[in-house]
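**Student:** here's a sequence, model it:
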Amino acid sequence: MRYLLKMIPIALITVILSPVLVNDASAQSGANAAAGYSTLRVDSSGTVIGVNTRTLIFIKGNKFRIENPSLREKVITIGDGKKSYLYYPDNNFAYILPGYQKTEVNAVPPEFFHIKNVAGAKYAGQQAVDGKLCDVYEYSQQETRYKVYIDKGNDFPLQFEIFTQNGSAISKIQKDIPLDDSLFILPKGTEIRNMTRQIQPIK
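**Tutor:** Residues are numbered from 1 along each chain as shown. Predicted structure coming up:
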């Protein structure tokens, strides 16, 4: 049960700061191509309720990997294209995530790829990100404020910032970089556990 409790900070990081959406992924590779990338690396850092956090997301086709270096105990979420796992490398076991046998991870909100056409988005000038000149756009959705930096050279989002009541984060994006397939599979010898067996019903 103590390992399941470690999932709480992961949820805080990925839901509050890193907009990772888990859905049906039958067309993940096509969605990636439509967005203009074959691989993606997103490095997000920020503060949630006063706690410093960092999340690394890697995407290749319909596979993904999510690391949370800021957690005390190392936990990695891995999607191999067929199933998804919560992997504890220090203890060499992994939980199968129930209900997520096929997954889609949107490490970057889809609307950021066409931010110029998003209702309510306002042009906020230009700024360089890693030496590349970007158009900056700002917009708000409910109680969340976004700032998106679009590379003027290829109209691709290089960076985005999120501001909420619970904290803020900045995410840097790299696309079409080499990602080894070993990132998206569990190491040989990993013990596989069924998470549903670890959860007791509430009485």
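
**Student:** tell me how far stretch 83-97 lies from the chain's centre.
**Tutor:** Centre-to-centre, stretch 83-97 and its host chain are 17 Å apart (Cα atoms, centre = their mean, to the nearest Å).

**Student:** list the buried residues in it.
**Tutor:** Using 16 or more other Cβ atoms under 10 Å as the test for burial, stretch 83-97 gives Lys83, Ser84, Tyr85, Leu86, Tyr87, Tyr88, Phe93, Ala94, Tyr95, Ile96, Leu97. Heads up, the C-betas are built off the backbone N, CA and C, glycines and all.

**Student:** Pro187: what secondary structure?
**Tutor:** For Pro187, the assignment made with DSSP: H, G, I helix; E, B strand; the rest coil gives coil.

**Student:** now do the phi/psi pair for it.
**Tutor:** phi -60, psi 150 (degrees, to the nearest 10).

**Student:** could you check how far it is from Phe64?
**Tutor:** In this view, Pro187 and Phe64 are 17 Å apart by Cβ to Cβ, to the nearest Å.

**Student:** just confirm Leu183 is within a strand.
**Tutor:** No: going by three-state DSSP, the assignment for Leu183 is helix, not a strand.

**Student:** excluding chain neighbours, what is closest to it?
**Tutor:** Arg65 (5.0 Å; Cβ to Cβ, 6 or more residues apart in numbering).

**Student:** would you confirm that the one you found contacts Thr55?
**Tutor:** No: between Arg65 and Thr55 there is no contact under Cβ atoms under 8 Å: 11.0 Å.

**Student:** more neighbours, the two?
**Tutor:** More crowded of Arg65 and Thr55, by other Cβ atoms under 10 Å: Thr55, with 25 against 22.

**Student:** for the host helix or strand of that one, packing partners?
**Tutor:** Thr55 belongs to strand 51-60 when elements are defined using DSSP states H and E. For strand 51-60, the packing partners by 3 or more Cβ pairs under 8 Å, 6 or more residues apart in numbering; DSSP states H and E come out as strand 39-48, strand 63-67.

**Student:** indicate which one of those is closest to Ile177.
**Tutor:** Within the helices and strands packed on strand 51-60, the stretch nearest Ile177 is strand 39-48; the backing value is 5.8 Å (Cβ to Cβ).

**Student:** now for that closest one, which elements pack on it?
**Tutor:** strand 51-60, strand 167-175.

**Student:** chain center to stretch 108-115: distance?
**Tutor:** 14 Å.

**Student:** just send the helices and strands packed on strand 39-48 back as JSON lines, with mean pLDDT too.
**Tutor:** Below are the helices and strands packed on strand 39-48 laid out as JSON lines (pLDDT from 0 to 100):
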{"stretch": "strand 51-60", "mean pLDDT": "92"}
{"stretch": "strand 167-175", "mean pLDDT": "94"}
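
**Student:** same list (the ones you listed) but as a markdown table, adding distance to Tyr146.
**Tutor:** Shown next, in a markdown table, are the helices and strands packed on strand 39-48 (distance: least, Cβ to Cβ, whole Å):
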| stretch | distance to Tyr146 |
| --- | --- |
| strand 51-60 | 17 |
| strand 167-175 | 11 |
